[in-house]
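Student: fold the following and give me the result.
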Amino acid sequence: ERFNWPAEIDELHDALDSVKDKVQTAIDKLNTEKSTVAAVRDALSNYEETMLKHFQVEETTALPLMRAYFTPEEISVVQRKILEDAPENAMRALIYAMSPDGAKFRSDFMAVRGIPSFVWY
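Tutor: Reported below is the predicted structural model:
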């Protein structure tokens, strides 16, 4: 290993899995009763809170470590595998998160990785 992976990231991944299961359970129990709608809302709110904490830790800890200890080529292989294995809408979510019109995705993400402009209109 080139560095010690922060345990907090694995703990947050486990927490996300748990919260995701709670969201699914709340959705499965959804019916016309107001309390079931509130349960879905609360589960989604908890999921959002956990996800944002996860993103914060990854952005401030994992990504700097990854960039310090691995070459862009090594990182690209892992990123490609993650995106290939992700649900179909994951790439659209990534693009939208960067900028709803896709401009930042094209100018930053694609340009840095040498992806030709014709790949994404």
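Student: in the strand or helix carrying A26, which residues are buried?
Tutor: In this assignment (DSSP states H and E), A26 forms part of helix 7-28. Buried residues in helix 7-28, counted by 16 or more other CB atoms under 10 Å: L12, A15, V19, K22, V23, A26. (Glycine included, C-beta is placed from N, CA and C.)
Student: check contacts around the closest residue to the fifth one other than its chain neighbours.
Tutor: With CB to CB, 6 or more residues apart in numbering as the measure, A43 is the residue that lies nearest to V23, at 4.4 Å, once sequence neighbours are left out. When contacts are counted by CB atoms under 8 Å, 6 or more residues apart in numbering, A43 is found next to V19, K22, V23, T25, A26, I27.
Student: mind checking how far A43 is from E58?
Tutor: A43 sits 22 Å away from E58, going by CB to CB, to the nearest Å.
Student: what do you get for L12?
Tutor: Remark: distance between L12 and E58 (CB to CB) = 8 Å.
Student: quick one: distance of the longest helix seen in the chain to the chain centre.
Tutor: Selection of the longest helix in the chain by residue count, based on DSSP state H, yields helix 34-57. Centroid separation for helix 34-57 versus its chain: 15 Å, with CA atoms, centre = their mean, to the nearest Å.
Student: average pLDDT across that helix?
Tutor: For helix 34-57, the mean per-residue pLDDT is 93.
Student: and P87, which of the three is it?
Tutor: At P87 the chain is in coil, as set by DSSP: H, G, I helix; E, B strand; the rest coil.
Student: so how many other residues sit close to it?
Tutor: Neighbourhood size, P87 [other CB atoms under 10 Å]: 8.
Student: for it, give me phi and psi.
Tutor: Dihedral pair for P87: phi -60, psi 160, per degrees, to the nearest 10.
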